[in-house]
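[1] Return a 3D structure for these sequence lines:
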Amino acid sequence: MHELSLAQTICEIVADHVTQGQRVKTVVVDCGPLSGVVPEALEYCFPIVAAATGMAEAQLDLRRLTAPASCPACDAQFDVDQVWATCPKCDHVPVTVVGGTEFRLKEIEVDDV
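    Below is the predicted model of the structure:
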């Protein structure tokens, strides 16, 4: 389960960017369906790691992105949930996937204490 190491890395990055006297409220992470991350596993691991690193009150806002794709045969635009997809309009294979692999720490919300 690499989501545990992802949660640890997220908490390390957050800790590096938060100054003394700030409390982490929310950590916003973008996650595409083709990123290889199991969102439920990360949502399970994050509070455990956050508590162990002094950020027990931090909440994870995991924003699930889409994986946009287009068909080179009919120019249809649609979202996919796997790399090897078929065009829903004309059944053409392969399609061009242009996103969905993202996994990034987007935002850190803090309060001054």
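
[2] give me the low-pLDDT residue ranges for this structure?
    Low-confidence segments of the chain (pLDDT under 70): 1.

[3] Can you name the residues that contact the nearest residue to residue 76 once chain neighbours are set aside?
    Distances taken as CB to CB, 6 or more residues apart in numbering place residue 89 nearest to residue 76, at 4.1 Å, with adjacent residues excluded. Glycine gets a C-beta too; all of them are placed from N, C-alpha and C. Shown in contact with residue 89 (CB atoms under 8 Å, 6 or more residues apart in numbering): 71, 74, 76, 78.

[4] From the residues you listed, which land in helices?
    The members of the contacts of residue 89 all map outside helices under DSSP state H.

[5] Next, format those as JSON lines and append distance to residue 25.
    Output for the contacts of residue 89, formatted as JSON lines (distance: CB to CB, whole Å):
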{"residue": "71", "distance to residue 25": "42"}
{"residue": "74", "distance to residue 25": "46"}
{"residue": "76", "distance to residue 25": "41"}
{"residue": "78", "distance to residue 25": "36"}
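
[6] Dead centre of this structure: give me the residue that sits there.
    With distances taken as CA atoms, centre = their mean, residue 31 lies nearest the centre of the chain, 2.0 Å away.
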